[in-house]
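Visitor: Have a look at this fold, sequence not included:
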Ligand code: SAM
């Protein structure tokens with residue numbers, strides 16, 4: 001399987017043609033080997049236009065959704081980012097390429113361990129992964145310039161708001177179990193909320209998520 005070619009095609013057909021235009025996001029996604037974050041049985045499908053199974057009944061998000069969420073954070077390179085829902089670690093690796101420091105929380109130990117393993121193999125050192133309930137944020141590492149939640153919440157978890165910097169941004173899917181709206185919350189004095197598109201994510205399970 002020619003993964004480099006599959007990656008180039010993914011960038012053109014799934015991202016650029018759908019309007020992803022942040023050069024830094026495109027460059028990072030063209031460089032990070034997505035196949036490494038997918039279990040061996042699914043590796044041939046790593047660049048498909050779809051989510052893939054990663055174990056523990058969880059998924060690695062569709063490439064377009066990873067790009068869209070990342071682009072919406074408008075990262076410049078000096079930010080501290082909190083990611084809730086490490087999953088495979090693929091989104092984590094993309095964030096690490098675009099920000100100064102990434103803190104990522106995953107509730108499944110096995111997923112956190114395998115994500116850490118791949119991140120280490122790729123020599124990505126500006127990431128700290130923790131096992132825990134990310135709906136509560138990570139108060140000892142706060143404040144965060146950007147927060148990305150890669151699981152669906154019934155409503156905005158309030159601890160995340162409290163852990164954001166004054167001009168910070170949060171991207172998060174909010175809605176019912178079956179479908180949600182991808183929202184970007186930005187503090188500009190008052191909150192500015194942009195609804196980007198309909199999505200379907202696995203649930204955010206936790207104290208400030210689904211019980
Ligand atoms: N961005 C990930 C990737 O690229 O592989 C996909 C993440 S997957 C769609 C959502 C992840 O959120 C799952 O791994 C799930 O276990 C995790 N999750 C759900 N609720 C959580 C919580 N309260 N705290 C931390 N992780 C949580």
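Guide: Cool, the structure landed. As the structure is a prediction and not an experimental result, all values here were calculated from the model.
Visitor: and the most centrally placed residue in the chain, helix, strand or coil?
Guide: For the chain, residue 91 is the residue whose C-alpha lies nearest the centre (Cα atoms, centre = their mean; 4.3 Å). Three-state call for residue 91 (DSSP: H, G, I helix; E, B strand; the rest coil): helix.
Visitor: Residue 70 is in contact with that one, correct?
Guide: Yes: checked against Cβ atoms under 8 Å, the pair residue 91 and residue 70 is within contact range at 7.3 Å. Every C-beta, even on glycine, is put in place using the N, C-alpha and C of the backbone.
Visitor: For those two, list the residues in contact with both.
Guide: residue 148 (Cβ atoms under 8 Å, 6 or more residues apart in numbering).
Visitor: any idea of the mean pLDDT in the strand ranked longest in the chain?
Guide: Identified as the longest strand of the chain according to DSSP state E is strand 164-175. Mean per-residue pLDDT for strand 164-175: 96.
Visitor: which residues are in contact with whichever helix or strand comes after it?
Guide: Per DSSP states H and E, strand 164-175 leads on to strand 180-188 as the next helix or strand towards the C-terminus. Strand 180-188 has contacts (Cβ under 8 Å, 6+ apart) with 65, 68-69, 72, 152, 156, 161, 164, 166-175, 191-201.
Visitor: Quick check: neighbours of strand 180-188 in the sheet, parallel or antiparallel?
Guide: Strands adjacent to strand 180-188 in the sheet, as given by DSSP bridges, are strand 164-175 (antiparallel), strand 190-199 (antiparallel).
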